[in-house]
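J.: okay, here's the prediction I keep looking at, along with the sequence it came from:
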2 protein chains.
Amino acid sequence: MDRIKRNERMAALTKWLTEAPNKIFTLSHFCDQLGTAKSTLSEDIDILRKTFAQFGLGKLETVTGAAGGVRYRPWVSPEETQRFLSELSAELCTPTRLLPGGFLYLGDILSLHDLVSKMGVIIAQQYYDAAPDFVLTMETKGIPVALMTSHALGVPLVIARHSSKVYEGSAVNINYVSGTDKHIDTMSLSRRAVQPGQKALIVDDFLKAGGTAKGMTDLMAEFEVEVVGTAFVVATETPAKRCISGEKALLTMNVDPDDPATLAVRPSDWVMDLAK
Amino acid sequence: MDRIKRNERMAALTKWLTEAPNKIFTLSHFCDQLGTAKSTLSEDIDILRKTFAQFGLGKLETVTGAAGGVRYRPWVSPEETQRFLSELSAELCTPTRLLPGGFLYLGDILSLHDLVSKMGVIIAQQYYDAAPDFVLTMETKGIPVALMTSHALGVPLVIARHSSKVYEGSAVNINYVSGTDKHIDTMSLSRRAVQPGQKALIVDDFLKAGGTAKGMTDLMAEFEVEVVGTAFVVATETPAKRCISGEKALLTMNVDPDDPATLAVRPSDWVMDLAK
């Protein structure tokens, strides 16, 4: 094999690192892949770290210790987070998106990869330190953003269902009160999906009264799993009194159901505080 | 701003191109971003193209014409496709995965980003030439792999629901016969999700009799959308007579429901023909 030049190593290293966020690669692994000495590869990583920082491509971190190596973490700057979420707010404020009952049409937004991928990173970076073992969502609309959050964190996604299906095997079912219309609903999760003692990050698309989120929290208690955070794409500004607390939503929405013209969507307060 | 070195440009270009598959970037766009002359950037792209090919990182293609530029296409080699799907088959053949009724537990496999991402690329590269405008799936389990297929193709994902929800707005509902147990089911899609004249690629997790896939095809006919392909993660070997034809499944599964020990999962025939 011809000697691989630094130019070429830069491209390969960028691809391998960015497609596996939060995975720790040993330098020896890359030395083997690229036929390079460790000292040379350390220089490569230094150049990459600076380039990623310069262009806002994410963070390259060195992890020391026995299981040490180098790790890529997707990262969106406070300014870019605010710019992105302001733009998204403007898009969602379109009056044609407002549906009967004060709901907002989000179907397109929530299944476009480039949007949910960025939302996933913005959510994930709030929980890198909490180190959840998996991301939990409830079917259906939150699945894409939850998948991309799990990708940014480098952990599996777990999906709770409305009822237990034959192809999920034995399952734990719980009943919960849907916060909005107070009816009783069922939530189901396969027994083999998670392990006691793990830590969960709950991610979903929309937070109104918080009944579903409370249900997911209760479900995790049944599995003896600790919930380290709950995150949403959009939360309504009212009701102020919810079934859960400590949640983070990317966007906050407000509307008088009787007057569509009052529709307002904006980045949430904690987002606007990021750059301070 | 200091002049940006080639090493640094390689890293930035790799990140930008690989995170937006099938998007055509003009050379001028990158020249502006990197403060580089067009001739220098052309050399950069040449080096990247060779490096991507050498390390199996995907294909960098030049598109000529007025809307021309450079485009990244994820690509998995036939050998790697076979290796990956053989390994997946071995994992799925575990007897503990077999559930009552001849179903297979796929919940974990179908929501791990690195697995569904690779499946998505393998499916997408079969349909790059057919150029679908969007990927269609039916909730729930196929959503992650369908999202990653849509990402590799650079098109939106569209999700059909079991029933129309208030937050989807006005919707088209159709009834379809579930192939397995012959009961009548409903499938619903928001009116604003797709446009007449578009082309759809259908992606789902599991194909048995094909009732759901047939339903999605009928639904697309209602929207005057052409279906350019149907792809699945797993298809059963029986029944041989299905409601649909021309489908591509990554894996083929066979089991005598009365004898779990007969469980066999293998890469499908067309996959094994890829390297020929």
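T.: Yep, it's here.

J.: tell me the helix or strand right after the longest strand seen in chain A.
T.: Identified as the longest strand of chain A according to DSSP state E is strand A:226-236. Proceeding N to C from strand A:226-236, the next assigned helix or strand is strand A:248-256, under DSSP states H and E.

J.: for the next helix-or-strand element following that following strand, name the packing helices and strands.
T.: With elements assigned by DSSP H and E, the helix or strand that comes after strand A:248-256 is strand A:259-267. Judged by 3 or more Cβ pairs under 8 Å, 6 or more residues apart in numbering or on different chains; DSSP states H and E, strand A:259-267 is in contact with helix A:78-92, strand A:248-256. Every residue, glycine included, has its C-beta placed from N, CA and C.

J.: let's have the ones you listed in a markdown table, adding distance to B:Lys241.
T.: Below are the helices and strands packed on strand A:259-267 laid out as a markdown table (distance: least, Cβ to Cβ, whole Å):
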| stretch | distance to B:Lys241 |
| --- | --- |
| helix A:78-92 | 47 |
| strand A:248-256 | 48 |
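
J.: which stretch among the ones you listed comes nearest B:Ala90?
T.: strand A:248-256 (40.2 Å; Cβ to Cβ).

J.: of all the helices and strands packed on strand A:259-267, which one is nearest B:Lys141?
T.: Per Cβ to Cβ, nearest to B:Lys141 of these: strand A:248-256, 26.0 Å.

J.: mind putting the helices and strands packed on strand A:259-267 in TSV, mean neighbour count and distance to chain B included?
T.: As requested, these are exported to TSV (neighbours: other Cβ atoms under 10 Å in any protein chain shown; distance: least, Cβ to the nearest Cβ, whole Å):
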stretch	mean neighbour count	distance to chain B
helix A:78-92	16	13
strand A:248-256	19	12
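
J.: any chance of these in a markdown table, plus mean pLDDT?
T.: Formatted as a markdown table, those follow (pLDDT from 0 to 100):
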| stretch | mean pLDDT |
| --- | --- |
| helix A:78-92 | 97 |
| strand A:248-256 | 93 |
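
J.: to A:Glu237, which of the ones you listed lies closest?
T.: Of all the helices and strands packed on strand A:259-267, strand A:248-256 comes closest under Cβ to Cβ, at 4.1 Å.

J.: helices and strands around the closest one, which ones?
T.: Counting by 3+ Cβ pairs under 8 Å, 6+ apart, strand A:248-256 packs on helix A:78-92, helix A:113-124, strand A:226-236, strand A:259-267, helix A:269-273.

J.: now with 7 Å?
T.: In terms of contacts (3 or more Cβ pairs under 7 Å, 6 or more residues apart in numbering or on different chains; DSSP states H and E), strand A:248-256 is packed against helix A:78-92, strand A:226-236, strand A:259-267.

J.: so what touches the second one?
T.: Going back to what we said before, that points to strand A:226-236. A:104, A:110, A:119, A:123, A:127, A:130, A:132, A:145, A:199-208, A:213, A:217, A:220, A:244, A:246-253 (Cβ atoms under 7 Å, 6 or more residues apart in numbering or on different chains).

J.: for chain A, what's the longest helix?
T.: helix A:38-55 (DSSP state H).

J.: any idea of the angle whichever helix or strand comes after that one forms with helix A:38-55?
T.: Counting by DSSP H and E, the element after helix A:38-55 in chain order, helix or strand, is strand A:59-63. With axes from the mean of the first three to the mean of the last three Cα atoms, to 10 degrees defining the directions, strand A:59-63 sits at 140 degrees from helix A:38-55.

J.: list the strands paired with the helix or strand just after strand A:59-63, with their directions.
T.: Using DSSP H and E, the helix or strand that follows strand A:59-63 towards the C-terminus is strand A:69-73. Here strand A:69-73 is paired, per DSSP bridges, with strand A:24-25 (antiparallel), strand A:59-63 (antiparallel).

J.: may I see the buried residues of the last one?
T.: By 16 or more other Cβ atoms under 10 Å in any protein chain shown, the buried positions in strand A:59-63 come out as A:Leu60.

J.: about what we covered before: wait, which of the helices and strands packed on strand A:248-256 is closest to B:Val155?
T.: Here helix A:78-92 is closest among these (Cβ to Cβ), at 18.8 Å.
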